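J.: structure for this input, please:
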Amino acid sequence: MAWQSVPVPRLEGVSQEQFVQHLYPQRKPLVLEGIDLGACTSKWTVDYLSQVGGRKEVKIHVAAVAQMDFIKLYLLISWFRGQLKKSMKNSLFQSILWIQSLLHAAYKDISSYGHQRALVERDEKYYLRSLGEDPRKDVADIRKQFPLLEADIKFPKFFKEEQFFSSVFRISSRGLQLWTHYDVMDNFLIQVTGKKRVVLFSPRDAQYLYLSGTKSEVLDIDNPDLAKYPLFSKARRYECSLKAGDVLFIPALWFHNVISEEFGVGVNIFWKHLPSECYDKTDTYGNKDPTAASRAAQILDRALKTLAELPEEYRDFYARRMVLHIQDKAYSRNFE
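T.: Just a heads-up that it's a prediction; the model follows:
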């Protein structure tokens, strides 16, 4: 099936004033070109990163198929530099280069958590997402986790410093596809090297995406199983291609699916659109629903359990009345 997509607008040379006053309030995705990102787009080659990566425990997510969802993720490998073979020269990013080379050569065995296995086999996909020092308490910030890279990258100064939440460093192999999901904070996806294709869906189309938490159950968005997910075809797709130096603005609650067309490096900058007290204080990833939304969902669950005490025809009637009440009182008439 050939999907019709709405192109995400692209603008060059957008100033902070233009973005904040005119573009940001529209709450729609936008690709920004020509933003001063520093030297990272030219300096962050694999060789350079191999030299300045520094000492770090890392987690590499490895999947047998392109559509990675972290639900069916079958392997999570964590290792210290010292555990790697001497030929890797004790560098995180040389490890990444080593992994990349394995995709084109015979695989090698390495010890991980006490059992022998190929670290990455020929057709597997891998993905690194930087974490805080303690992922349960600390958010990711490239300036803290990889301080030698801080001088190379400039964050777009389009939001107030007190709104900053996290900066996430990512490396992904060619062909990797991250699941469709939404974040509760605004997001700049900076494509430092390589190319990505991004497909987005409006929050208004959530009813067509078969949600499980913040994620869509439809993993292969280009060839979905419409017998299993028939409503998915009703969701309007917005699409863009990102090259090195492009910055994609993803408003909070917009669903996005990211496909790496080349081996590449990216950085996400998340910032708070709502006042700080609206967010869950235990959220270190920026993907927990605002506290008011979580409370409302809990209240709804209790209401539905109460309705279950009624006979079927009464339960059906009053459930429909509840839906109509929500539509009348809570739905925005102007939200696009």
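J.: thought residue 239 was touching residue 196?
T.: No: in this structure residue 239 lies outside contact range of residue 196 using C-beta atoms under 8 Å: 11.2 Å. Backbone N, C-alpha and C define where each C-beta goes, glycine included.
J.: which of those two has more neighbours?
T.: residue 196 (22 against 16; other C-beta atoms under 10 Å).
J.: doesn't residue 268 make contact with that one?
T.: No: at 11.8 Å, residue 196 does not count as touching residue 268 under the criterion of C-beta under 8 Å.
J.: now do the shared contacts for the two.
T.: residue 189 (C-beta atoms under 8 Å, 6 or more residues apart in numbering).
J.: worst-scoring helix or strand of the chain, pLDDT-wise?
T.: Scoring the helices and strands of the chain by mean pLDDT, DSSP states H and E places strand 109-112 at the bottom, with a mean of 30.
J.: care to break this protein down by domain?
T.: 1-288, 291-329 (automatic domain parsing).
J.: which one of those domains has the poorest average confidence?
T.: The stretch with the lowest mean pLDDT among these is domain 1-288, at a mean of 79.
J.: now that domain, how far from the centre of its chain.
T.: 5 Å (C-alpha atoms, centre = their mean, to the nearest Å).
J.: strands along the stretch 201-336 of the chain, start to end?
T.: Secondary structure of the stretch 201-336 of the chain by DSSP state E, counting those that start in this stretch: the strands cover 211-212, 215-216, 237-242, 247-250, 255-260, 264-271.
J.: and residue 211, how many neighbours?
T.: For residue 211, using other C-beta under 10 Å, the count is 16.
J.: please apply the same query to the one 3 residues further on.
T.: Residue crowding around residue 214 was assessed by other C-beta under 10 Å; the count is 17.
J.: quick one: it and residue 277, what's the gap?
T.: 21 Å (C-beta to C-beta, to the nearest Å).
J.: from the domains of the chain, which stretch is densest packed?
T.: When the domains of the chain are scored by mean count of other C-beta atoms under 10 Å, the highest mean neighbour count falls to domain 1-288 (a mean of 17).
J.: which stretch of helix or strand covers residue 51?
T.: For residue 51, the element it lies in under DSSP states H and E is helix 46-52.
J.: return the list of helices and strands in contact with that helix.
T.: For helix 46-52, the helices and strands in contact under the criterion 3 or more C-beta pairs under 8 Å, 6 or more residues apart in numbering; DSSP states H and E are helix 92-102.
J.: just the residues contacting stretch 149-162, thanks.
T.: Contacts of stretch 149-162 (C-beta under 8 Å, 6+ apart): 16, 19-20, 24, 32, 35-40, 43-44, 49, 52, 142-143, 167, 169, 186, 188, 190, 192, 247, 267, 269, 271.
J.: what's in contact with stretch 192-199?
T.: For stretch 192-199, using C-beta under 8 Å, 6+ apart, the contacting residues are 5, 8, 37, 40-41, 44-45, 153, 180, 189, 221, 237-244, 248, 256-267.
J.: let's see 6 Å
T.: Outside stretch 192-199, the residues that touch it by C-beta atoms under 6 Å, 6 or more residues apart in numbering are 40-41, 44, 221, 237, 239-244, 256-266.
J.: the helices in the stretch 101-250 of the chain, which residues?
T.: Remark: helices assigned in the stretch 101-250 of the chain by DSSP state H, counting those that start in this stretch are 142-145.
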